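Trainee: when you get a sec, could you give me coordinates for this:
(2 chains)
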Protein chains: 2
Amino acid sequence: MTFDELTSPLKRADAQRNRAKILDAARAAFAIAGAQISMAEISRRADVGMATLYRNFPGRRELLEALYTDEVDAICDAANGFEAETPGVAFVNWLNRFYLFLNSKRHVGSELLKHSDDSNRFFSVNRQRVLAASRPLFAAAQSSEEVREDVTLEQVLDLVAAVAHIPGEPQYIQPILQTVIDGLLPLPR
Amino acid sequence: MTFDELTSPLKRADAQRNRAKILDAARAAFAIAGAQISMAEISRRADVGMATLYRNFPGRRELLEALYTDEVDAICDAANGFEAETPGVAFVNWLNRFYLFLNSKRHVGSELLKHSDDSNRFFSVNRQRVLAASRPLFAAAQSSEEVREDVTLEQVLDLVAAVAHIPGEPQYIQPILQTVIDGLLPLPR
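Mentor: Next up, the predicted model:
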C-alpha cells in the first residue's frame, strides 16, 4: 500500500478491493489440481494490472502465503463460533470443516512447498495457530466424555490430515472420515 | 542363476544362500531412514563379491523390488494363517501386522519411486495381491458383524496406509491406529 492509499479513504477502499479481487482469482485458479498459473494469468483473471498485482504481492510466494493465511484465519474463526447441542458435536462439526479446509488448500500448500525455502517454519506457525484455536473445543469435548481420553488434539488433527491426503473422490473419502470420527468416541460405547 | 547353478544341487544351495545374505543385508541397510546405501556397501555387508551381487540383482532397482516383493509375500501369507477367537479379531490382528509392514517397507518404497519409471505398475500389482489375500478375512469380519458395513477393504487399507505416513514415534502413532481400529466397529456399539 502506498502513502497515497493510506491517506485517501477512497483510494484505500480501491486498494482493498483490488487485493480481494486478486486473492479471489488466485483462490479459484489454485483450486484446480496441478494448475500452472502464472502471475500474468492471475492479473488477467482478477482484472487488475500487473503493477497493481505486484504492489500487493511482490511475488508468487507472497500471494500463495496470503491465500493460505486467509484460509487458516477462516478455520480458526470457525473454532470460536461453533454452536451445537453438545461440545462433542461442536468439535466434530469443526473437524469436518477442518477436513474441507485441508482439501481445499492442498494445491496452494504443495505450490508453497516448491516456492519457499522456509516453508517449514510457515507451516509450523499456522499449525500452532490452528491447534491453539481448536484446543478449547477439543478440551470441552473430552470433558463431556464425547471424545476418548487417550488421544491428544495433535494426534486427531494429524489423523484427519492423513485422511485428507488419501486420493479419491469425496464419496470414496467420506466413509473413511466417518470411520475416524466414530473412532474418536470413548470406549466402551 | 546360471546354468551351472541350476544343474548342481550344491551350487544351487550356495546361490540361494548368497541371495538370502544379500537380501538380509539390504533389508537391514534400508531399514534406516534416508540411508544412501550403494551396491558396493551392500556387497560388503552381505560378504559376497560384486560379481555375485550383480548376478543376483542386475541393478539397485531389481534388488529393491525383490526386497519389497518378499515383504508383500510375508503379509499375504499372514492373511492366510491367522487364527483368532473371532473373524473380527483375526482381521484386526492382520491389520496391525499390515501397519508394521507398511512402516518397515517405507524406505524401500520411497527409494523404489526414485529408481523405477514404471513403479506405479509395480505398486499397483502388489496392492492387488494384498487386497486379494486379505479379502476373505475382511469379508468374514463383516459377516460376523465385527466390522462396519459401510467401508470397503480398499478404504480400510488406504486409511491404515495414511496412518503409516504420519511422522512420529511408535508411542505417538499407536493411539492414532487404535482410534482407526475402534472406528471400524459397527454402529451402534
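
Trainee: need the contact list for whichever residue of chain A sits closest to chain B.
Mentor: With Cβ to the nearest Cβ as the measure, the residue in chain A that lies nearest chain B is A:Gly183; the distance is 2.7 Å. Backbone N, C-alpha and C define where each C-beta goes, glycine included. Contact criterion Cβ atoms under 8 Å, 6 or more residues apart in numbering or on different chains gives B:Thr179, B:Val180, B:Ile181, B:Asp182, B:Gly183, B:Leu184 as the residues in contact with A:Gly183.

Trainee: restricted to helices, list those residues.
Mentor: Among the contacts of A:Gly183, the members falling in helices are B:Thr179, B:Val180, B:Ile181, B:Asp182, B:Gly183 (criterion: DSSP state H).

Trainee: residues in contact with the third one?
Mentor: When contacts are counted by Cβ under 8 Å, 6+ apart, B:Ile181 touches A:Gly183, B:Val92, B:Leu95, B:Asn96.

Trainee: going through those residues, which ones are buried?
Mentor: Of the members of those, the ones counted as buried by neighbours, 16 or more other Cβ atoms under 10 Å in any protein chain shown, are A:Gly183, B:Val92, B:Leu95.

Trainee: between those residues, which is nearest B:Glu146?
Mentor: Taking Cβ to Cβ as the measure, B:Glu146 sits nearest to B:Val92 out of the buried ones among the contacts of B:Ile181, at 8.3 Å.

Trainee: quick check: residues of chain A near chain B?
Mentor: Of all the residues in chain A, those in contact range of chain B (Cβ under 8 Å from any Cβ of the partner chain) are A:148, A:150-151, A:155-156, A:158-159, A:161-163, A:165-166, A:168, A:172, A:175-176, A:178-185, A:187-189.

Trainee: go ahead and build a PyMOL selection from the buried members of those.
Mentor: In PyMOL, this line selects whichever of the residues of chain A next to chain B come out buried by 16+ other Cβ under 10 Å:
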select buried, chain A and resi 148+151+155+156+158+159+161+162+163+166+175+176+178+179+180+181+182+183+184+185
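
Trainee: low-confidence ranges, chain A, go.
Mentor: Within chain A, the stretches falling below the threshold (pLDDT under 70) are A:1-7, A:33-35, A:82, A:107, A:110, A:113-119, A:189.

Trainee: nearest the geometric middle of it, what residue?
Mentor: Residue closest to the mean C-alpha point of chain A, counted by Cα atoms, centre = their mean, is A:Glu71 at 3.4 Å.

Trainee: in which helix or strand would I find that residue?
Mentor: Counting by DSSP states H and E, the element that carries A:Glu71 is helix A:60-81.

Trainee: now that helix, how far from the chain's geometric center?
Mentor: Helix A:60-81 has its average C-alpha position 5 Å from the chain's average C-alpha position, going by Cα atoms, centre = their mean, to the nearest Å.

Trainee: can you tell me, leaving aside adjacent residues, what's nearest to A:Arg127?
Mentor: Spatial nearest neighbour of A:Arg127, chain neighbours left out: A:Leu157 (8.0 Å); criterion: Cβ to Cβ, 6 or more residues apart in numbering or on different chains.

Trainee: what about the helices in chain A?
Mentor: Under the criterion DSSP H, helices of chain A are mapped to A:3-7, A:9-30, A:39-46, A:50-56, A:60-81, A:87-104, A:106-115, A:119-143, A:153-164, A:170-183.

Trainee: closest to B:Ala15 out of those?
Mentor: Proximity to B:Ala15, assessed across these by Cβ to Cβ, is greatest for helix A:153-164 (42.6 Å).

Trainee: now for the closest one, which elements pack on it?
Mentor: helix A:87-104, helix A:119-143, helix A:170-183, helix B:153-164, helix B:170-183 (3 or more Cβ pairs under 8 Å, 6 or more residues apart in numbering or on different chains; DSSP states H and E).

Trainee: what comes into contact with it?
Mentor: Contacts of helix A:153-164 from elsewhere in the structure, counted by Cβ under 8 Å, 6+ apart, are A:95, A:98-99, A:102-103, A:106, A:127, A:130-131, A:134-135, A:138, A:147, A:173, A:176-177, A:180, A:184, B:159, B:162-163, B:165-166, B:168, B:172, B:175-176, B:179-180.

Trainee: recalculate using a threshold of 6 Å.
Mentor: When contacts are defined by Cβ atoms under 6 Å, 6 or more residues apart in numbering or on different chains, helix A:153-164 is touched by residues A:99, A:102-103, A:135, A:138, A:176-177, A:180, B:162-163, B:166, B:175-176.

Trainee: make CSV from those and add distance to B:Asn80 to it.
Mentor: Formatted as CSV, the contacts of helix A:153-164 follow (distance: Cβ to Cβ, whole Å):
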residue, distance to B:Asn80
A:Tyr99, 36
A:Leu102, 37
A:Asn103, 37
A:Arg135, 46
A:Phe138, 42
A:Ile176, 26
A:Leu177, 31
A:Val180, 29
B:Ala162, 25
B:Val163, 24
B:Ile166, 29
B:Pro175, 30
B:Ile176, 28
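
Trainee: which one of the ones in helices among the contacts of A:Gly183 sits closest to chain A?
Mentor: Sorting the ones in helices among the contacts of A:Gly183 by how near they are to chain A, with Cβ to the nearest Cβ, puts B:Gly183 at the top with 2.7 Å.
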